[in-house]
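**Student:** Quick one, what's the 3D model for this:
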Amino acid sequence: PEGLLMVRKLIKHEILRTGPLLGLILDVGTLTVLGSGVLASLRFPLLSAVSAVIGFIAVAFPWPLGNLALTIDFWRTSWGRAGYLTHSLPAKGSTILWARLAWGLMAQLVFLVWTVSAMLAMLYLANPVPAGDGPGIERIISQALGEISRMVPWWQSALVVLALLLIGWAYLVMFYFAATVGNGPKLAGFGAAGPVITWVITYVVLGLLIAGSFLLLVGLVLGDRGLHFTTVDMVRAVQVNDGSVIPFGFVPVIIASVAIWVPWMAHNWNHRVSLR
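**Tutor:** Numbering: from 1, shown residues only. I've put the predicted structure just below:
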């Protein structure tokens, strides 16, 4: 179909435009993790401890930084000077939006794979075990992964991965939503404050809804047969720090939020584009 071909072309150009910057972020993160891990493995007093902390912090930052970079590019090429070129393309606004959302989802998978790999690398490098003092960290990691695979069926592990991708993508969509609505006709006069105001309101509402989801008497419990739904007092579970209980109510909240944000953005892209 012609529409699908256009989406593919748009995704290709999204990758060509933003891929180098995302690659740079991951490259810097990789060098930081490896450098910190090597220094941590040398067991220098204080220096190794500080290096380990820096390394584990570096594991967490590329994903949100990458989403921030995508958001800035989204704003710049939609309502900055480059926005005129974007909206002059021979495609509906919603088609351009869907291509950007699709590339954003693909990027979440890249970020997730990198984050997991970087975490395993830091665990390996920062926790060497001298010969004869016990099992090496690679064996401990292997045993832990084996235990997880024994307790959690593969399809549940796949659902966990999908949930992580959904969370990362949902926050990226929220940024895109704030940029889109904040640059609509009603808020365009506020300049750069329009997207900020929209994001703050959206973030507060989402936070309240997620907090309210903890009042739902439903959750996931990790047992010998893997994850299973059950009725559970989530507030009580959080208070006693019950590690076997996993909150679930936030998932339908995020799904419902994305289901509202995306059509709203598509409508704005088709009918309410206001370039400055």
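**Student:** Next, count neighbours for residue 45.
**Tutor:** Residues contacting residue 45 under the criterion other CB atoms under 10 Å number 6. C-beta here means a position set from N, CA and C on the backbone, and glycine is covered the same way.
**Student:** How much space separates it from residue 110?
**Tutor:** Separation of residue 45 from residue 110 (CB to CB, to the nearest Å): 37 Å.
**Student:** swap in residue 69?
**Tutor:** Distance from residue 69 to residue 110, by CB to CB: 13 Å.
**Student:** does residue 38 count as helix, strand or coil?
**Tutor:** When classified by DSSP: H, G, I helix; E, B strand; the rest coil, residue 38 comes out as helix.
**Student:** show me what contacts the nearest residue to it once chain neighbours are set aside?
**Tutor:** Using CB to CB, 6 or more residues apart in numbering and skipping the chain neighbours, the partner closest in space to residue 38 is residue 125 (6.2 Å). Going by CB atoms under 8 Å, 6 or more residues apart in numbering, residue 125 touches 34, 37, 38, 40, 41, 55.
**Student:** Least confident of the residues you listed?
**Tutor:** Checking pLDDT across the contacts of residue 125, the minimum falls on residue 41 at 83.
**Student:** Roughly how far does that residue sit from residue 172?
**Tutor:** Going from residue 41 to residue 172 by CB to CB gives 35 Å.
**Student:** on that earlier part again, could I have the ChimeraX command that selects the buried members from the contacts of residue 125?
**Tutor:** Buried subset of those, written as a ChimeraX selection, criterion 16 or more other CB atoms under 10 Å:
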select :34,37,40,41,55
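**Student:** TSV please, covering the contacts of residue 125 and showing distance to residue 248.
**Tutor:** TSV is the format used below for these (distance: CB to CB, whole Å):
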residue	distance to residue 248
34	36
37	34
38	40
40	36
41	38
55	32
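**Student:** Let me know the closest of the contacts of residue 125 to residue 178.
**Tutor:** Relative to residue 178, the closest of the contacts of residue 125 is residue 55; by CB to CB it sits at 32.1 Å.
**Student:** coming back round to it: what sits in contact with each of residue 69 and residue 110?
**Tutor:** residue 22.
**Student:** Show me the strands in the stretch 101-250 of the chain, by range?
**Tutor:** For the stretch 101-250 of the chain, strands defined by DSSP state E, counting those that start in this stretch occupy the ranges 219-223, 226-230, 245-247.
**Student:** Residue 194: how many residues sit nearby?
**Tutor:** Neighbourhood size, residue 194 [other CB under 10 Å]: 22.
**Student:** My understanding was that it contacts residue 183; is that so?
**Tutor:** Yes: applying CB atoms under 8 Å as the test, residue 194 and residue 183 come out as touching, 6.0 Å apart.
**Student:** Per-residue pLDDT of the most centrally placed residue in the chain, please?
**Tutor:** Nearest to the mean C-alpha position of the chain, counting by CA atoms, centre = their mean, stands residue 168 at 2.1 Å. Note for residue 168: predicted pLDDT of 93.
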